[in-house]
Every structure is written in C-alpha cells, then in structure tokens.
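J.: Pasting the sequence and the predicted coordinates here, then a few questions.
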Amino acid sequence: MTIKRNALIIAAAFISTTVNAETLLYGVLMQSLSNPYWQSMERGLKEGTENAEVDYYLQAIESNDAMLQLKACNLMLERKPNVMIISALDSAVLLPCLIEADDLNIPVINLDGTLDHHIEENTRVEIAASIATDNEEAGAQVAEHLANQLGIDTTGAVLLIEGSSNRASQSRISGFTERLAKTAPDLEIVASEPGDWDRYSAANVVNKALANNTQGDDAHLKAIFAINDDIALGATDAAFAAGKGDDVIVVGIDGSANAVKSITANRLNASVARFPYLIGKQAIEVASKLLEGESVERFSSVPTMIISKNLLDEGTHQMLEYLK
C-alpha cells in the first residue's frame, strides 16, 4: 500500500487486494481518517474489497474544506473507477464532480447518508444507492431505553441537548420525541438546548438546568438525551459534579470508545451504538451488486443498538465486536 500526502492535506491510498490487471477499481471519497468513526468505516471498506477481490482507491480530506473535497473527487475521476463511494462534506459543492461521474456512467453510492438526494430533483445526477445509520431509529431506541429504565408511567422532565442542526440531528430528535410520546407519555421534554457537539458546552447546559431544577416538584429532571456521545459525556460530567449522577439518566448516541469506558465505570447510563464498520462493508457489497447488474435497495441502513452496563458485562452479544 502506498500513502501519498500533499500540502492540500489530501490523504490518498491505492489498495490492491488482487493480482488481476483487469480487476475492478472502487473509488472511495471519505471525509476524514483522523477519528475512530471514520477509521472503523475504512476497515469495513477494506474487508469488503478483500472479500469481493477488487481494488480500491481511497481519498480523505483532513479538514472541513468542501472545495478541497471537490478537488479530491476530480482527482479520483482521473483514475476512471468503476464505482464511486462518497461521504460528502457538502453535496452542492461536489455537484460538478457528481455530474461528471454521471456523464462517465460511473455509479455513485452515498456513504453514511451524507449526499443530499434532493440534488436529483434539480439536476440529472442519479445517486445509485445510500447506506447509512437509521438516525430516527437510534433516537427511538433512546426513548425506549428511558421508558424501560424509568417505567412507562413515570412523570418528570427530560432535557434534550442538541448538536448543530443537520439531517442526522433532526432525525434523531424526531425519532426520540415520537417514540417517547408513545412509551412514556408522562415524561415531558422541558427544554431543547444547543450543545454545539461539544462536551464542555453540554456540561454548561446541564449545570444551568440543574441549578434551576426543583427536586420537590413532580416535574424534576429525570433524564437527559444527548444527541451524540461527546455531549452525553459532558452532561454526565456535570451531573456527577453536582452530586446528581445517580439521579439523572444520561443517554447518548454513537457507541464511542470513551462512551463505552464511561458506561463500564457506571457513569454514563447508555449509548445507542452506530456501526461504521458495517456501513463501509455494506457499501462495498452494494457496489458489487450494482456492477454485476443486480437490483439494490435505494436506501438501506445498518442496525443500531443500546449499549448498557449489563450488555457490556455479559460481553456475549455478537454486535459488540463491531464497536468502534
């Protein structure tokens, strides 16, 4: 494997899994390889290509510069891959590259649900398939967990801490609020506060909420739903610092390594795990079916699962091996 880096912070790698000169080439454009989420997804992509006996050319942008990603996308087209698997920073910015891929009859697969399918309505670009986490179901699983922990007839308040407004965040919130209304209708979401995807911002939100909380009131704070694990860990820090760590249930989404450590230490109550490894592996499987002329689902998702202390202590669930 050869790794190339240049001043534009584009990391590229050509990975050969076969010796056949006519082997198919899969182009993979990722947002990053510098954090565990994307690293786990890349491992899934690699295993998928090994199983399919194909080569892949991967590029990742170690910044949030969408124009840099467009450049990487155009560079990838020069290699004429048989399929492109893309995790986009900005669909609109990538549009010229997507149009060219369409002109070259290169199918595009939406990796991790980051391409906006609305671009199909206004352009001639077609996105062949999308593989992602079902974020609405992840939010719903948080609600189910709170109902199981607190009881379906419990009363009290739930604090919702959001990240920045994007489709994933909104889907998690929608899934949570709809399912909570069915499973624990007497729990009231009393506030929805921005946590800026940041552990320390989330801690400040919880500090203020606990300062205003009246424990003698039936509406006192029972639980916190944090839109991701960093926010959940900040909320947990604040709850324990205020002496309320055992009184307020905090649940996040991601199943990150730090969240798992916190759950094991009896601090964070639970996290809904996403499985980026499976997203990457399934993307290769879908790409192979497309190139073989088989029909595929336009939208498919990988499972999510509540990670709790009991589940970790048992250690027998087959999905635990896919935690990032």
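T.: Perfect, I can see it now. Residues are numbered from 1 along each chain as shown.

J.: So which residues of this structure form strands?
T.: Along the chain, counting by DSSP state E, strands occupy 2-5, 10-15, 25-30, 55-61, 83-86, 108-111, 127-133, 156-162, 187-194, 221-226, 249-254, 270-273, 299-302, 305-308.

J.: Quick one: closest of those strands to residue 237.
T.: Checking the strands of the chain against residue 237 by Cβ to Cβ gives strand 249-254 as the closest, at 9.7 Å. Every residue, glycine included, has its C-beta placed from N, CA and C.

J.: what angle do that closest one and strand 156-162 make?
T.: 30 degrees (axes from the mean of the first three to the mean of the last three Cα atoms, to 10 degrees).

J.: Strand 249-254 pairs with which strands?
T.: strand 221-226 (parallel), strand 270-273 (parallel) (DSSP bridges).

J.: Now tell me what touches it from outside.
T.: Residues from elsewhere that reach strand 249-254 (Cβ atoms under 8 Å, 6 or more residues apart in numbering): 37, 135, 138-139, 142, 145-146, 149-150, 172, 222-233, 235-236, 239, 259, 268-274.

J.: And the average pLDDT for it is what?
T.: In this model, strand 249-254 has an average pLDDT of 97.

J.: ok and it relative to strand 127-133, angle-wise?
T.: Relative orientation of strand 249-254 versus strand 127-133 (the same axes, to 10 degrees): 150 degrees.

J.: so how far is strand 249-254 from its chain's centroid?
T.: Centroid separation for strand 249-254 versus its chain: 14 Å, with Cα atoms, centre = their mean, to the nearest Å.

J.: For this structure, which segments are assigned as helices?
T.: For the chain, the helices defined by DSSP state H occupy 36-52, 66-77, 91-103, 119-122, 135-150, 167-183, 199-211, 229-241, 257-264, 276-291, 309-314.

J.: where among those helices is the average confidence lowest?
T.: Lowest mean pLDDT of those: helix 119-122, a mean of 74.

J.: so what does that one touch, helix or strand wise?
T.: helix 91-103 (3 or more Cβ pairs under 8 Å, 6 or more residues apart in numbering; DSSP states H and E).

J.: can you list contacts of the helix it packs on?
T.: Contacts of helix 91-103 (Cβ under 8 Å, 6+ apart): 66-67, 69-70, 73-74, 77, 84, 86, 88, 108, 114-116, 119, 123-126.

J.: what's residue 308 in contact with, if anything?
T.: Per Cβ under 8 Å, 6+ apart, neighbours of residue 308: 145, 263, 269, 270.

J.: For it, name its beta-bridge partners.
T.: residue 270.

J.: per-residue pLDDT, it?
T.: pLDDT, residue 308: 97.

J.: so how many other residues sit close to the residue nearest to residue 278 when sequence neighbours are not counted?
T.: Of all residues not flanking residue 278 in the chain, residue 302 sits nearest, at 4.3 Å (Cβ to Cβ, 6 or more residues apart in numbering). Neighbour count for residue 302, taken as other Cβ atoms under 10 Å: 21.

J.: Residue 302 reaches residue 130, doesn't it?
T.: No - checked against Cβ atoms under 8 Å, the pair residue 302 and residue 130 is beyond contact range at 11.7 Å.

J.: quick revisit: looking at the helices of the chain, which one is packed in the most?
T.: Across the helices of the chain, averaging neighbours per residue (mean count of other Cβ atoms under 10 Å) puts helix 229-241 on top, at a mean of 25.

J.: what's next to that helix, contact-wise?
T.: Contacts of helix 229-241 (Cβ under 8 Å, 6+ apart): 159, 161, 163, 195, 197-207, 210, 224, 226, 245, 247-248, 250-256, 258-259, 262, 267-268, 271.

J.: relative to helix 199-211, how tilted is it?
T.: Going by the same axes, to 10 degrees, helix 229-241 makes 40 degrees with helix 199-211.

J.: quick check: angle from helix 229-241 to strand 187-194?
T.: Using the same axes, to 10 degrees, helix 229-241 lies at 110 degrees relative to strand 187-194.

J.: roughly how far out does helix 229-241 sit from the chain middle?
T.: From the chain centre to the centre of helix 229-241 is a distance of 20 Å (Cα atoms, centre = their mean).

J.: Name the residues linked to the nearest residue to residue 209 once chain neighbours are set aside by a beta bridge.
T.: Once flanking residues are discounted, residue 209 sits nearest to residue 159: 5.3 Å by Cβ to Cβ, 6+ apart. Beta-bridge pairing of residue 159 under DSSP bridges involves residue 191, residue 224.

J.: I'd say residue 159 and residue 193 touch.
T.: Yes - the criterion here is Cβ under 8 Å, and residue 159 meets it with residue 193 at 7.0 Å.

J.: rewinding a little: between which two of the contacts of residue 308 is the distance greatest?
T.: 145 and 263 (12.0 Å).

J.: I appreciate the help and will end here.
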